[in-house]
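Asks: Predicted model follows, preceded by the sequence.
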Amino acid sequence: MDHPLFDLIDQRIRDAQASGEFDNLAGAGKPLPNVDDPENELINRLIQDSNAVPEFVSLSRELRRLRDELAATGDRARRLDIMKNMSMMEVRINMARKAHR
């Protein structure tokens, strides 16, 4: 059974072809690139295009920021606070790495 939108989609594609919207596209006439994971290629490309990173990477960036803040502050109370945050961040990074595998 066809989806009700198939006819509309086909018509829009035909209209775009007729008006030349597919002419001179980047990569036209070139072979498609090889992909390692064809089933997830679209998802992987969307993630890459949006500069998304695994959680442990973003947490590692935050840990680096905390280390820089620790090096820059002389306030003892603030340093203790930062060190607590760093300790928790390291635990979160380890958990995120395990979940990512």
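Replies: Structure's in. What do you need?
Asks: Just to confirm, which residue in this protein is farthest away from the center?
Replies: For the chain, the residue at maximal distance from the C-alpha centroid (CA atoms, centre = their mean) is Arg76, at 37.4 Å.
Asks: can you tell me how far that residue sits from Asp68?
Replies: 18 Å (CB to CB, to the nearest Å). No exception for glycine: its C-beta is placed from N, CA and C like everyone else's.
Asks: Point out where the chain drops to low pLDDT.
Replies: Scanning the chain for pLDDT under 70 picks out 1.
Asks: So what touches the lengthiest helix in it?
Replies: Secondary structure of the chain per DSSP state H: the longest helix is helix 76-100. In this structure, residues lying in contact with helix 76-100 by CB atoms under 8 Å, 6 or more residues apart in numbering are 54-56, 59-60, 62-63, 66-67, 69-70, 73.
Asks: mind listing what's buried in that helix?
Replies: Neighbour counts over helix 76-100 (16 or more other CB atoms under 10 Å) mark 82, 86, 89, 92-93, 96 as buried.
Asks: C-alpha coordinates for stretch 82-94, PDB please?
Replies: Provided in PDB are the C-alpha atoms of stretch 82-94 (Å, rounded to 0.1, in the frame of the first residue of the first chain):
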ATOM      1  CA  ILE A  82      36.300  23.900  41.400                       C
ATOM      2  CA  MET A  83      38.100  20.700  42.500                       C
ATOM      3  CA  LYS A  84      34.800  19.200  43.700                       C
ATOM      4  CA  ASN A  85      33.300  20.000  40.300                       C
ATOM      5  CA  MET A  86      36.300  18.500  38.500                       C
ATOM      6  CA  SER A  87      36.000  15.300  40.600                       C
ATOM      7  CA  MET A  88      32.300  14.900  39.700                       C
ATOM      8  CA  MET A  89      33.100  15.800  36.000                       C
ATOM      9  CA  GLU A  90      35.700  13.000  35.900                       C
ATOM     10  CA  VAL A  91      33.100  10.500  37.200                       C
ATOM     11  CA  ARG A  92      30.500  11.700  34.600                       C
ATOM     12  CA  ILE A  93      33.100  11.400  31.800                       C
ATOM     13  CA  ASN A  94      33.900   7.800  32.800                       C
END
